[in-house]
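Novice: Structure of the sequence below:
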Amino acid sequence: MDEKTSFTSEIGRILRESRDVNNDQVDNKLRLAVALAVRLHISRSPDDKAHIGRMLGPAFAQDHRRMRFGRNNLIQARNSRSTWR
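Specialist: Coordinates of the predicted model:
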């Protein structure tokens, strides 16, 4: 796989090429499992670049942004929302 092809296109190419090969039932189940794993991987990684900027990020990044804008740190903000028990 060279740097110009994406992971998704390479897996698609491999699956298309494997359709012509005569395989037994175990290979078909294995191919189906690989295809499902790839589909799950693709669905969990956000392809929409617009949503990346709207994600909160790790707690360290949230805390850093809050402190830079002069707000309370993240621990104080989380503790102030509920009463102490």
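Novice: which other residues reach the helix or strand where residue 8 lies?
Specialist: With secondary structure defined by DSSP states H and E, residue 8 is part of helix 7-18. Contacts of helix 7-18 with the rest of the structure, by C-beta atoms under 8 Å, 6 or more residues apart in numbering, involve 1, 5, 31, 34-35, 38, 42. The C-beta positions use only the backbone N, C-alpha and C, and glycine is treated the same way.
Novice: Neighbour count added to these, as a markdown table?
Specialist: What follows is the contacts of helix 7-18, written out as a markdown table (neighbours: other C-beta atoms under 10 Å):
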| residue | neighbour count |
| --- | --- |
| 1 | 11 |
| 5 | 11 |
| 31 | 16 |
| 34 | 14 |
| 35 | 15 |
| 38 | 16 |
| 42 | 12 |
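Novice: Now the two most distant members of these.
Specialist: Comparing every pair within the contacts of helix 7-18 by C-beta to C-beta identifies 5 and 31 as the most remote, at 20.1 Å.
Novice: Relative to residue 67, how far out is residue 59?
Specialist: Computed as C-beta to C-beta, to the nearest Å, the residue 59 to residue 67 distance reads 12 Å.
Novice: Downstream of the least confident helix or strand in the chain by mean pLDDT, the next helix or strand is which one?
Specialist: Taking mean pLDDT, DSSP states H and E as the measure, the helices and strands of the chain show their lowest mean at helix 49-52, namely a mean of 68. Going down the chain from helix 49-52, the next helix or strand is helix 59-68, by DSSP H and E.
Novice: for that next one, packing partners?
Specialist: Under the contact definition 3 or more C-beta pairs under 8 Å, 6 or more residues apart in numbering; DSSP states H and E, helix 59-68 sits against helix 74-80.
Novice: just checking, what packs against the helix it packs on?
Specialist: Packed on helix 74-80, when contacts are counted by 3+ C-beta pairs under 8 Å, 6+ apart, are helix 59-68.
Novice: Report the rounded mean pLDDT for the helix it packs on.
Specialist: Average pLDDT, helix 59-68: 88.
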